[in-house]
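Chemist: How does the following fold in three dimensions:
(one chain, ligands or ions: 2)
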Amino acid sequence: MKMIKITHPHHLAKQNVPKSVMALGFFDGVHKGHQKVIQTAKQKAEELNVECAVMTFDPHPSIVLKKNIQQIEYITPLQEKLKFIEDLGIDRLYLVEFTESFSSLQPQQFVDQYIIGLNAIHVVAGFDFTFGRFGKGTMESLPFYSRGAFTHTTVEKLTDGERKISSSLVRNAIKNGDVSYACSLLGRPHQVSGKVIHGEKRGRTIGFPTANIELSESYITPPTGVYAVKISMNGKEYAGICNIGYKPTFHEKRPDKPSIEVHIFDFHEEIYDIDVTVKWFKRIRSEQKFSGVEELIAQIKRDIKEAKDFFQQLAESDKITAEKNF
Ligand SMILES: Cc1cc2nc3c(=O)[nH]c(=O)nc-3n(C[C@H](O)[C@H](O)[C@H](O)COP(=O)(O)O)c2cc1C
Ligand SMILES: Nc1ncnc2c1ncn2[C@@H]1O[C@H](COP(=O)(O)OP(=O)(O)O)[C@@H](O)[C@H]1O
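Modeler: Ligands and ions are numbered 1, 2, ... in the order given. As a prediction, the model looks like this:
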């Protein structure tokens, strides 16, 4: 995937840019709805025998448009977003810096400079995509602005029952701890990456060492509680159990921020400073204050059993699906 970073105004000359079918969107999460938009663009590009391009934006428009928002938690911070888009097999990615001057383009200027000017011959976006100042441009008005220079496909809303699959729905699912539902909306588990840091060195003394993880980006994370997770490092993936929380059993005073710590099953290595990725599969329970260490240990043993049973069932259902598809 060739990446072209753009800060408004761009100086790319149309004749130097290959013709493309262009999918447009912010695409936080690259969820199933986004995947459908990008896959539709890919199919159309094959039909028309041109490149498949995606145009996306960074940072999130609310940072520029809403003055009081400094930082936003992403489902997929930029690097993850680009990776998941690349995994969909597209040729070219236009990454447009969402600045104040870019956001104040009129819809016609956006279409002239960023669609026609970048040699797109067909545009694909979701039914609720908007463009130009105040989001005034819509998919209904796109043919008017196109002046016959390109055609378009509007991808209808993808739903889960009554609910539109959207970045907000995924965010809410993660924020509510419903990581299994987030997984079904994303088509993969939600994941976060970071580094293993030193904790309070208590884990090993109670028989359950936990890798404490400092996140590398501003991710949306599930609420405090215990989760069945997979953790990957150095190209290998392991099952484990994660506690996100304040460890009230040991802390009278609540620490400033919750820790994210994973006990990895059947694992005995020292992994401080290693980069890891944690994938959230299932919420098991809320964090509790136990009356003593023994009670906590007994509960952790039950949590581990529950997580192991869950992964066993998952492996069995994956096996059945693989056999059906064979
Ligand atoms: C599966 C699991 C569940 C946990 N649940 C709780 C809990 O409900 N309450 C609590 O105070 N601590 C809980 N903990 C956190 C332990 O207190 C913590 O792992 C221990 O204090 C070690 O911390 P350290 O890695 O900083 O040394 C849990 C840890 C694990 C691995
Ligand atoms: N099964 C395991 N799961 C997680 N970490 C492990 C495991 N086995 C060994 N470790 C190592 O032990 C460390 C965790 O031990 P712990 O006593 O909880 O220390 P800390 O409080 O610094 O996290 C991890 O960072 C890792 O380097």
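Chemist: Could you find the residue in the stretch 51-200 of the chain that comes nearest to ligand 2?
Modeler: Ligand 2 sits closest to residue 199 of the stretch 51-200 of the chain, with a gap of 2.6 Å, by CB to the nearest ligand atom. Every residue, glycine included, has its C-beta placed from N, CA and C.
Chemist: show me what contacts that residue?
Modeler: Going by CB atoms under 8 Å, 6 or more residues apart in numbering, residue 199 touches 210, 212, 259, 261.
Chemist: so of those residues, which ones are in strands?
Modeler: 212, 259, 261 (DSSP state E).
Chemist: Okay, and the spatially closest residue to residue 20 that is not a sequence neighbour sits in which element?
Modeler: Nearest residue to residue 20 in three dimensions, chain neighbours excluded: residue 53, at 3.9 Å (CB to CB, 6 or more residues apart in numbering). Residue 53 is part of strand 51-58, with elements assigned from DSSP states H and E.
Chemist: ok, that strand: who's next to it in the sheet?
Modeler: Looking at strand 51-58 with DSSP bridges, its partner strands are strand 20-24 (parallel), strand 92-97 (parallel).
Chemist: per-residue confidence averaged over the longest one?
Modeler: Read it as strand 92-97. The average pLDDT within strand 92-97 is 98.
Chemist: Name the next helix or strand downstream of it, please.
Modeler: Next element after strand 92-97 (DSSP H and E): helix 100-103.
Chemist: Next secondary structure after that next one?
Modeler: Counting by DSSP H and E, what follows helix 100-103 is helix 107-110.
Chemist: in that next one, what's buried?
Modeler: 107, 109, 110 (16 or more other CB atoms under 10 Å).
Chemist: swap in stretch 24-39?
Modeler: Quick answer for stretch 24-39 (16+ other CB under 10 Å): 24-39.
Chemist: now the end-to-end length of that stretch.
Modeler: End-to-end distance for stretch 24-39, by CA to CA, to the nearest Å: 12 Å.
Chemist: Can you show me the strands along the stretch 201-326 of the chain?
Modeler: 211-215, 225-233, 236-245, 259-264, 275-285 (DSSP state E, counting those that start in this stretch).
Chemist: circling back: quick one: closest of the strands paired with strand 51-58 to ligand 1.
Modeler: strand 92-97 (37.9 Å).
Chemist: quick one on the thing from earlier: burial check on the residue nearest to residue 20, number of neighbours?
Modeler: Close neighbours of residue 53, defined as other CB atoms under 10 Å, add up to 27.
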